[in-house]
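Enquirer: below are the sequence and a predicted model for it; my questions follow.
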Amino acid sequence: MLESDGLDRWGPREQANIPSSLSELAEYAMRMGLAGLGGAGFPTGLKLGGAGTPDLLLINGAECEPFLTCDDRLMRERAADVIQAADYLAKLSGVSNTFIGVESNKPEAIRSLRQATAAAGSSVKIRTLPARYPAGGQPMLVRALSGRRLRPGQLPAEIGVQVLNVASLYALGRAVFHGEPLISRVVTLTGRCKHPGNYEVPLGYPVNLLRKIAEPDSDARDIHVGGPMMGRKLEEIDAVTGKTSSCLIFGANRLWPAKGDESDCIRCNRCVDACPMALQPMSLLEAARSRNQHDLKQLRLDACIECGACSQVCPSNLPLRDSFRAIKKEALICRTG
């Protein structure tokens, strides 16, 4: 029987040989369970394995959704580790230019990263991004930092770019230099609670225990996972944290008004104006509801980044983002199942 010593600390670790090639690193990342911590949770090993020969490394530090501050705190307090990991990955990839994009409303993070860069003698450049949602969307980030454009469905590797979220990069560094698999992440606890903040949380940690730590107000029973734009209401009572659990918002129903009943589209074009990918969400919704694969392709559903901007501005309360997300998942299941 295993018995815990009750101490939250690492035991002795045998340091493995640091991977000396991108293929070795990709295999090592898979063994260590590394995955994208910014949203989709795509395995880091697969991303590195399919990187090809990039000439540019972009690190996404644009935490643009309201309420989320976990990446901001990570960049402020662990900047040296982030820079060390960036230099290592750039050298292994043969990349001469590395940029970390951080929004202008995070001056402490920008300062910490620049100080860490100077102290390490690193060539990593810190670039300030406009504090405008969704600055962290991959197509917008790539264009802002490199001037290159991603076509719908195109991967960054196809235009010579490797993109990693800053938390994913930090986890990669911990795995390489300290032999730590991905077993924890920083989670923002916020909303209507007594103890908001950012906490390093083991993966698989019960949400009910995090509720006790945050001490939500008596009327803040509902919990929202992720930001208000791309997140969702937590339905499962016995839920646990996962690799993409970046934020828990307590009492979300009191923080932003619930949407009214759905009504007919009035063709106001607000969703078109709000879409950062210049799509036609109202036409996409019609195609999604009719399962019209031809129209979905013509209307470039694959270019949708599911930012939720269209849903937020829709006066008819149409479930635009949720419909696009569902039809994408349905198409994926049909292809793989």
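Expert: Nice, thanks for sending it over.

Enquirer: which residues sit in contact with residue 177?
Expert: 18, 84, 85, 88 (CB atoms under 8 Å, 6 or more residues apart in numbering). Every C-beta, even on glycine, is put in place using the N, C-alpha and C of the backbone.

Enquirer: and the helix or strand containing the third one, what does it pack onto?
Expert: The one in question is residue 85. In this assignment (DSSP states H and E), residue 85 forms part of helix 79-93. If you count contacts as 3 or more CB pairs under 8 Å, 6 or more residues apart in numbering; DSSP states H and E, helix 79-93 packs onto helix 22-31, strand 56-61, strand 97-103, helix 107-120, strand 161-165, helix 166-178.

Enquirer: would you list the contacts of residue 177 in TSV and tack on distance to residue 142?
Expert: Shown next, in TSV, are the contacts of residue 177 (distance: CB to CB, whole Å):
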residue	distance to residue 142
18	29
84	24
85	20
88	22
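
Enquirer: most neighbours among these, which one is it?
Expert: Highest neighbour count within the contacts of residue 177, by other CB atoms under 10 Å: residue 85, with 24 neighbours.

Enquirer: just checking, that one touches residue 169?
Expert: Yes. Residue 85 sits in contact with residue 169 when judged by CB atoms under 8 Å, with a separation of 5.0 Å.

Enquirer: can I get the helices and strands packed on helix 79-93 in a markdown table with mean pLDDT and distance to residue 299?
Expert: Below are the helices and strands packed on helix 79-93 laid out as a markdown table (pLDDT from 0 to 100; distance: least, CB to CB, whole Å):
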| stretch | mean pLDDT | distance to residue 299 |
| --- | --- | --- |
| helix 22-31 | 95 | 35 |
| strand 56-61 | 96 | 27 |
| strand 97-103 | 97 | 29 |
| helix 107-120 | 98 | 37 |
| strand 161-165 | 95 | 25 |
| helix 166-178 | 96 | 31 |
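
Enquirer: nearest to residue 49, of those?
Expert: Nearest of those to residue 49, taken as CB to CB: helix 22-31 at 3.8 Å.
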